[in-house]
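> A predicted structure for the sequence below; I have some questions about it.
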Amino acid sequence: MQIEQLKPIVEAALLAASQPMTVAQLGDLFSETDEIGHEQIARALESLAADCEGRGVELKEIASGFRYQVRQEVHPWISRMWTEKPSRYSRALLETLALIAYRQPITRPEIEQIRGVVVSSNIIKTLEEREWIRVVGYRDVPGKPALFGTTRAFLDYFNLKSLDQLPPLSEIRDMEDPQMGFEQTPLPARVIKDLPIDPDEETAATEEGTEAADTATEAGGHALDDDAPDHATAALFTATTADAATASDESEPTTTADEAAAPADVDNDDATQHS
């Protein structure tokens, strides 16, 4: 079968599948009589990816396989198709996730030592419910604390094929915190007319203004939108790791889960990292 005949089949399979598909899974679509090998499928995928140049979608290889997805450049418009409010994650949660991603396998006490504050149980629970982290083993020290590592779902969500695609900490240090890049311009003077004569009305208006200011302050806390995967990656590894993961990187080099799990009592099956 020629590549041009193979491409429509592979493209249709990727669009029909609800999950990313690997080359092996695509190969299972063909019988032995078709004489389609993995090399031919790989060439068809490369050709399909090239065909997406200049289009609003792209063929992306992530940890779980290949998938078609919306390009980041057009996502602000496409996101208006969904009316539900995006999830919001606190800075503490993203810092914890960044430390696990860069320092895995890592225990909860080690995270607390780096951040200098106690890690909330709700943060760990949320990360586990999102299937972004999992227990890969237990540290061979008194108390046997659990070792946390990232999952394949974490890589898929943040549009990564492997942990090697995480931006180096040295580059993150040089990035400017986006929250520090806004210029605070003073508001123009506002003339208030028709002030209330009744003192009770004036007091009520003052209280309403105070409540509105408090509400705006709470809404503007350290929370980040759960936007497209590429936007979430920038928020995770730019705004958070520069404060949290950098502190640990100055004392010891970045290691993978397989390297750090050597002195630990880790199950062979659980400690296997994503490729």
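Thanks, I have it. Remember, predicted model here, so these are calculated numbers, not experimental data.

> Can you tell me how far residue 21 is from residue 11?
For residue 21, the distance to residue 11 equals 11 Å [CB to CB, to the nearest Å]. In short, each C-beta sits where N, CA and C put it, glycine included.

> same thing with residue 83?
Relative to residue 11, and taking CB to CB, residue 83 is found at 30 Å.

> repeat for residue 54
17 Å.

> Repeat that for residue 106.
Distance, residue 106 to residue 11, using CB to CB: 41 Å.

> Comparing the two, which residue is more hemmed in?
Taking other CB atoms under 10 Å, residue 106 and residue 11 do not tie; residue 106 has more neighbours (26 against 17).

> Can you verify my assumption that that one contacts residue 97?
No: Residue 106 lies out of contact with residue 97 (CB atoms under 8 Å); the separation is 11.2 Å.

> Now residue 63: closest residue in space, sequence neighbours ignored.
Of all residues not flanking residue 63 in the chain, residue 155 sits nearest, at 3.6 Å (CB to CB, 6 or more residues apart in numbering).

> The one you found: helix or strand, and which one exactly?
helix 152-157 (DSSP states H and E).

> Alpha carbons only: can I get that helix in CSV?
Extracted in CSV, the C-alpha atoms of helix 152-157 (Å, rounded to 0.1, in the frame of the first residue of the first chain):
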residue,chain,number,x,y,z
ARG,A,152,1.6,9.8,31.5
ALA,A,153,-1.6,11.8,31.9
PHE,A,154,0.5,14.7,33.2
LEU,A,155,2.7,14.6,30.1
ASP,A,156,-0.4,14.4,27.8
TYR,A,157,-2.1,17.4,29.5
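
> Can you name the residues in contact with it?
20, 62-64, 101, 130-133, 160-163, 229, 232, 274 (CB atoms under 8 Å, 6 or more residues apart in numbering).

> mind running it again at 7 Å?
The contact list for helix 152-157 (CB atoms under 7 Å, 6 or more residues apart in numbering) reads 20, 62-64, 131-132, 161-162, 229, 274.

> Same question for stretch 28-39.
1, 6, 9, 13, 23, 27.

> got a winner among those for most neighbours?
For the contacts of stretch 28-39, the largest number of neighbours (other CB under 10 Å) sits with residue 6, at 21 neighbours.

> Wasn't that residue part of a helix?
Yes: membership of residue 6 in a helix is supported by DSSP: H, G, I helix; E, B strand; the rest coil.
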